[in-house]
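Colleague: Starting from these lines, generate the structure:
(chains A and B)
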Amino acid sequence: MKVVNRDNQLDNYLWILPALAMFLVFTVYPFYKVLQLSFVEWDGITPHVKFVGFKNYINILFHNKIWWVSVLHAGFITLFALTVQNFFALMLAVLVDRGVRFGNFYRLCYFLPPMLSGIVVGIMWNLVLNADGLLNFLLNKIGIHSKIAWLAEPKTALLSVAVIHIWKGFGWAFVIFLAGLQSIPRELYEAADIDGATYKQKFYYVTLPLLVPVLVLVSILTVLGTMQIYDIIVTTTGGGPGYHTEVPFTQIITRMTGTSQFGYACAMGLIFGIILLVVSMAQLLVSTIKNKYQV
Amino acid sequence: MKSNFLREILLHIPLLITASICILPVWWVFASALKTQQTIFTDFSLFPKNPNFANFILAWKKAEFGTYFINSVVYTILVVGGILLIASFAAFAFSRLNFPLKNVFYYLFLAVLMIPVPGAIVGLYLLLNKLGLTNTRIGYVLPQINGGIPFGIYLIKTFMDKIPYELDEAAYIEGCNKFNLFWKIIFPLIKPAIGVLVIFNVLGVWNEYMLALLVLSDKHLMPLQRALVVFQGAHLVNYPLLMSGVIVTILPVVIVYIFMQRYIISGIIQGALKG
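Modeller: Predicted coordinates:
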């Protein structure tokens, strides 16, 4: 039975009106604008807007090597985060979940970096990875002579950025894995114990299968977050040396504020959005298939 | 017994090493802020012998980090307040009221949460330009409020749906109108969801950079993150002062974090698991 409406339903729109108005102005309109401008050449100021069809898309997809190099850079950092960061986060979360002492203290320490902004983290690591910085000092102390400016050297810059990024992201993955582990019913482990399962067997046959949804979630969020890396780059390398740490977002921002190619920047943004969507959909799909056929 | 003790020690080794890797760079910035330009790359002590606390005063006053700090506080309050107000109103309607196309509108907001649109920032910049909102506080605040609304609606609505509907009927019978039902009965019950949203969004606004880069060019309007980048560009060599600026930026976050870590971490987890 339904409760009789005692008033005009149209009044109820007033409650969502502010949210809807904001949504139309600041989400729908910019999105429409991006879609429209991706087919033009425009400097953002003059009234001169030239329709060019798919030219921007074709240029980006087939004639812009630096764009694809940027995507690859972000892809490299993402792969690094997916494997190294999430592996260590999972392993340490398993350790803490076993009930070691001071678990709360460790969690407090690990989650400090994720609280900080990319800008701050970048500045912080500049100080450490500088030619005269803390890392080289420590290396020299243990007998490895090093004068490398880690962030300024073409060979080490991208890897350094990746390390900084996982330093910031590790605690976040750790905390979510730990929450996932703690939600696994303890009775399952007791039952496995009775059946004489070894520690390794418990991990592979109890923990991992039950953790699949959390693993998928962390993976997707890692991909989306890492591919869109920008702030750390701003205060460490600025995309350099050369193009060695350029990522999609530095490219998009440069086309806007640097060379004022707004149509081009819009097309880049859309292509990048589609890449992100495809990658995260693919991950979701793979995991559902895997889940279905898991014994 | 003995082997158990040994195993426990072995377990703590990787945990402790990781903990120090997480803490050391942050402490290093603090220690460096207490050094001088001459000693910053020669004195590698974790606790400088003659700590130079004057750097903080210099950063706060002369480098104007005091102004940027207040800007950041104002932006954070405005954005988070705006999100809570607008999102809880809309969530109440989606959870408790009826109107045509209700679900269509709700899924519209949800769709924004699912689909990444990294290019939207270009369109947003052009819109703000057109409206004359670049280089204004309001131009920096409104898009961030809008950015937080969909998740806010989703979280609050999910939470509100668990509150029994008999409560509404009882309230209506007592002669309560919709606004009073929302404000006096429902709103006090959704405090946990509000808490999660506050934690999530305060951190987001405090740490925001890209929009500030595009919208704000007047120094006196800049929040801390944007000001740090400008300062780094202009005074790259003045490391102790830059590090003092970093400390000014992170100190409130770190202090609040240490005292409220349980709530903050569980808030982030709930945000991530539901988002």
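Colleague: got the contact list for the residue in the stretch 51-200 of chain B that chain A sits nearest to?
Modeller: With C-beta to the nearest C-beta, the shortest gap between the stretch 51-200 of chain B and chain A falls at B:Gly119, namely 1.7 Å. For the C-beta atoms, the positions are set from N, CA and C on the backbone; glycine is no exception. Neighbouring residues of B:Gly119 by C-beta atoms under 8 Å, 6 or more residues apart in numbering or on different chains: A:34, A:38, A:252, A:265-266, A:268-270, A:272-273.
Colleague: Go again with 6 Å.
Modeller: A:34, A:266, A:269-270, A:273 (C-beta atoms under 6 Å, 6 or more residues apart in numbering or on different chains).
Colleague: what's the nearest residue to the residue nearest to the spatial centre of chain A if we skip its chain neighbours?
Modeller: Among the residues of chain A, the one closest to the centroid is A:Gly225, at 1.6 Å (C-alpha atoms, centre = their mean). Leaving aside its sequence neighbours, A:Gly225 sits nearest to A:Gly169 (C-beta to C-beta, 6 or more residues apart in numbering or on different chains; 7.1 Å).
Colleague: what's the helix or strand that contains the one you found packed up against?
Modeller: Secondary structure assignment for A:Gly169, by DSSP states H and E: helix A:154-182. Under the contact definition 3 or more C-beta pairs under 6 Å, 6 or more residues apart in numbering or on different chains; DSSP states H and E, helix A:154-182 sits against helix A:65-80, helix A:86-97, helix A:112-115, helix A:118-129, helix A:208-227, helix B:239-274.
Colleague: what's the angle between the fourth one and helix A:154-182?
Modeller: Put simply, helix A:118-129 runs at 120 degrees to helix A:154-182, going by axes from the mean of the first three to the mean of the last three C-alpha atoms, to 10 degrees.
Colleague: contacts for helix A:118-129?
Modeller: Against helix A:118-129 from outside (C-beta under 6 Å, 6+ apart): A:133-135, A:150-151, A:160, A:164, A:168, A:231-232, A:235-236, B:25, B:29, B:32, B:209, B:225, B:228, B:246, B:249-250.
Colleague: buried ones in the very next helix or strand once past it?
Modeller: Where DSSP H and E defines the elements, the next helix or strand beyond helix A:118-129 is helix A:134-141. For helix A:134-141, burial by neighbour count (16 or more other C-beta atoms under 10 Å in any protein chain shown) applies to A:134-136.
Colleague: what about helix A:134-141, average pLDDT?
Modeller: Averaging the model's pLDDT scores along helix A:134-141 yields 88.
Colleague: name the helices or strands packed onto that helix?
Modeller: Secondary-structure packing of helix A:134-141 (3+ C-beta pairs under 6 Å, 6+ apart): helix A:118-129.
Colleague: Name the helix or strand for the residue of chain A found nearest chain B, please.
Modeller: The minimum distance from chain A to chain B, using C-beta to the nearest C-beta, falls at A:Gly269 (1.7 Å). Assessed by DSSP H and E, A:Gly269 sits inside helix A:262-292.
Colleague: Tell me the buried residues in that helix?
Modeller: A:262-273, A:275-276, A:279-280, A:283, A:287.
Colleague: try stretch A:222-236
Modeller: Result for stretch A:222-236 [16+ other C-beta under 10 Å]: buried residues A:222-224, A:226-236.
Colleague: With stretch B:11-22 instead?
Modeller: So, applying 16+ other C-beta under 10 Å, buried residues of stretch B:11-22: B:12, B:15, B:18-19, B:22.
Colleague: Of those residues, which are in range of chain A?
Modeller: Taking C-beta under 6 Å from any C-beta of the partner chain as the test, chain A is in contact with B:15, B:19, B:22 out of the buried residues of stretch B:11-22.
Colleague: and the stretch 51-200 of chain B, which residues reach chain A?
Modeller: So the stretch 51-200 of chain B meets chain A at B:86, B:89-90, B:93, B:97-99, B:116-120, B:122-124, B:126-127, B:143, B:146, B:149 (C-beta under 6 Å from any C-beta).
Colleague: repeat that for 7 Å
Modeller: Taking C-beta under 7 Å from any C-beta of the partner chain as the criterion, the stretch 51-200 of chain B approaches chain A at residues B:86-87, B:89-90, B:92-93, B:97-100, B:105, B:112, B:115-120, B:122-127, B:142-143, B:145-146, B:149, B:153, B:169.
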